[in-house]
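J.: Just a sequence and a predicted model for now, questions to come.
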Amino acid sequence: MSDLKVQADLKNKTIVIIYMLYFGDMVSITPFLEVLRREAKGSKIILVMDARFLESVKYNPDIDVLIPFDRHGKEKGLAATWKVGKKIGALHPDILLTLHGTTRSTMLALAMHPKHWGGEAGTRIDRLFMDWPMTIETYNSHAVDKYLKVLERLGVKDLSHHGMRTYMSPEWEKKADEFFASEGITENDRLVGLSVGSSTKEKNWPAKNYGKVADHFAEKGMIPVFFGVPSERPLIDEAVSVMKSKKYIIAAGHFSMGEFMAAAGRCSLAFTNDSGPMYVFDSRGVPTIAMFGPSNAKFHHPLGPCSKALSSWDMPMGPEHVKKTIESGKYTPISEITVKEVIEAGEEALRKAEKLEK
């Protein structure tokens with residue numbers, strides 16, 4: 001029932017949101033949280049999320065209570081899931097919204113027994129208990145908008161927001177500042193951030209191409225900073241192996257998730273694959289050039305006024321999940337995006353940013 005519409009009273013309620021997806025996904029729901037906070041005056045907003053990505057929303061002012069769920073550890077089993085649901089139930093939730101339905105979300109919902117339950121079904125039995133069942137994954141809008149449509153179906157009319165946002169702590173900012181200072185970076189230096197990895201190798205633009213892009217902007221006086229997790233070091237090493245400039249920084253492995261978000265905001269320009277860092281750079285107001293291959297730029301592109309998505313093919317508007325697209329082989333490899341295209345997009349982003357600053 002994707003067209004379901006009700007007039008839900010969101011004010012002065014205890015509202016639980018279940019959303020246990022990944023790093024970038026947590027950033028993509030921040031506009032939803034902003035609108036919900038504005039509309040649900042006097043309400044307590046509780047977010048149940050994957051414990052691994054806690055720092056992505058830890059300081060978000062639109063959340064009152066965070067419940068990190070260790071779905072790969074101590075809370076992996078159904079019994080543990082039921083126990084967590086009962087604890088949440090003790091908070092007497094008035095409204096439960098499931099933004100991504102799974103067997104786990106079904107167990108949590110049945111255990112907490114909210115007064116009203118809406119969102120995406122996790123199993124076939126959910127619709128027997130849900131008040132407001134919805135098809136959220138409609139495949140006809142950006143990831144941000146599909147969650148805002150949940151609120152629209154509940155009667156919210158003003159869906160305006162400030163885009164994807166991430167929030168820092170003084171400790172994270174201090175850590176980022178200390179790292180850059182140790183690398184000889186001053187306040188006047190302009191940094192270009194690069195994130196060469198992603199969750200899937202087919203989504204990775206060639207690492208050596210990142211090195212060529214980094215070289216171009218290094219020649220313009222910017223300092224390339226290669227971000228990432230330790231496992232991405234081989235890709236980073238491949239990127240820097242083709243660079244003529246030796247003035248670059250490897251930040252991979254030096255930051256926690258929150259510290260990376262703080263450090264990302266120090267950049268004047270960023271280049272990424274379709275990944276969590278793409279959303280982070282964009283949420284921090286950094287002009288972001290994102291490369292897309294098998295994943296769909298129409299649904300996941302960065303939203304900033306100076307950001308841009310480059311895709312290797314004209315993807316159909318349809319329900320193709322990236323995994324199925326990769327398995328089918330029916331897409332143009334991301335390597336078809338040229339270095340020239342990416343550099344030109346970066347130059348254009350800098351020009352736009354300079355105009356906005358004036």
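T.: Good, I have the coordinates.

J.: Where does the spatially most central residue of the chain fall, secondary structure wise?
T.: Geometric centre of the chain, nearest residue: residue 24, 1.9 Å, by C-alpha atoms, centre = their mean. According to DSSP states H and E, residue 24 maps onto helix 23-28.

J.: For my notes, confirm residue 290 occurs in a strand.
T.: Yes - assignment of residue 290 by DSSP: H, G, I helix; E, B strand; the rest coil places it within a strand.

J.: and it, what is it in contact with?
T.: 271, 272, 273, 274, 278, 297, 301, 302, 307, 308, 309, 310 (C-beta atoms under 8 Å, 6 or more residues apart in numbering). C-beta here means a position set from N, CA and C on the backbone, and glycine is covered the same way.

J.: Now, those that are in strands?
T.: 271, 272, 273, 308, 309, 310 (DSSP state E).

J.: Which pLDDT value belongs to the last one?
T.: In other words, residue 310. On pLDDT, residue 310 comes in at 97.

J.: what are the ranges of the strands in this protein?
T.: So, for the chain - with DSSP E - the strands run 14-18, 44-50, 65-69, 95-98, 116-119, 132-133, 191-195, 223-227, 249-250, 267-273, 288-292, 308-311.

J.: contact partners of the fourth one?
T.: In other words, strand 95-98. Contacts of strand 95-98 (C-beta under 8 Å, 6+ apart): 8, 10, 13-19, 105, 109, 112, 114-122, 150.

J.: Can you say which of those are buried?
T.: 8, 10, 13-19, 105, 109, 112, 114, 116-122, 150 (16 or more other C-beta atoms under 10 Å).

J.: who wins for neighbours among the ones in strands among the contacts of residue 290?
T.: residue 271 (31 neighbours; other C-beta atoms under 10 Å).

J.: Pass me the low-pLDDT residue ranges in the chain, would you?
T.: Under the criterion pLDDT under 70, the flagged ranges of the chain are 1-3, 138-139, 316-320.

J.: Tell me the span between the first and last residue of stretch 48-62.
T.: Using C-alpha to C-alpha, to the nearest Å, one end of stretch 48-62 lies 14 Å from the other.

J.: Buried residues, it. List them.
T.: Those would be 48-58, 60, 62, for stretch 48-62 by 16+ other C-beta under 10 Å.

J.: Rebuild those residues as TSV, extending it with distance to residue 174.
T.: Output for those, formatted as TSV (distance: C-beta to C-beta, whole Å):
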residue	distance to residue 174
48	30
49	25
50	26
51	24
52	23
53	22
54	19
55	15
56	19
57	20
58	16
60	20
62	24
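
J.: quick one: the longest helix along the chain to strand 288-292, angle?
T.: Secondary structure of the chain per DSSP state H: the longest helix is helix 339-357. Helix 339-357 and strand 288-292 are oriented at 150 degrees to each other (axes from the mean of the first three to the mean of the last three C-alpha atoms, to 10 degrees).

J.: Now do the buried residues in helix 339-357.
T.: 339, 342, 343, 345, 346, 349, 350, 352, 353.

J.: for stretch 29-43, same thing?
T.: Result for stretch 29-43 [16+ other C-beta under 10 Å]: buried residues 29, 30, 31, 32, 33, 34, 35, 36, 37, 39, 40, 43.

J.: about what we covered before: ok, which of the strands of the chain comes nearest residue 142?
T.: Nearest of the strands of the chain to residue 142, taken as C-beta to C-beta: strand 308-311 at 10.7 Å.

J.: Break the chain into its domains for me.
T.: 14-153, 170-357 (automatic domain parsing).

J.: tell me how far the ends of the first one are from each other?
T.: Yep, that's domain 14-153 we're talking about. End-to-end distance for domain 14-153: 19 Å, by C-alpha to C-alpha.

J.: gap between it and the chain center?
T.: Chain-centre distance of domain 14-153: 16 Å, with C-alpha atoms, centre = their mean, to the nearest Å.

J.: Over to the longest one?
T.: Relative to its chain's centre, domain 170-357 lies at 14 Å (C-alpha atoms, centre = their mean).

J.: ok, back up a step: possible to save the strands of the chain as JSON lines with distance to residue 176?
T.: What follows is these, written out as JSON lines (distance: least, C-beta to C-beta, whole Å):
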{"stretch": "strand 14-18", "distance to residue 176": "29"}
{"stretch": "strand 44-50", "distance to residue 176": "24"}
{"stretch": "strand 65-69", "distance to residue 176": "22"}
{"stretch": "strand 95-98", "distance to residue 176": "34"}
{"stretch": "strand 116-119", "distance to residue 176": "36"}
{"stretch": "strand 132-133", "distance to residue 176": "42"}
{"stretch": "strand 191-195", "distance to residue 176": "11"}
{"stretch": "strand 223-227", "distance to residue 176": "11"}
{"stretch": "strand 249-250", "distance to residue 176": "12"}
{"stretch": "strand 267-273", "distance to residue 176": "11"}
{"stretch": "strand 288-292", "distance to residue 176": "18"}
{"stretch": "strand 308-311", "distance to residue 176": "25"}
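
J.: Thanks again, I'm all set now.
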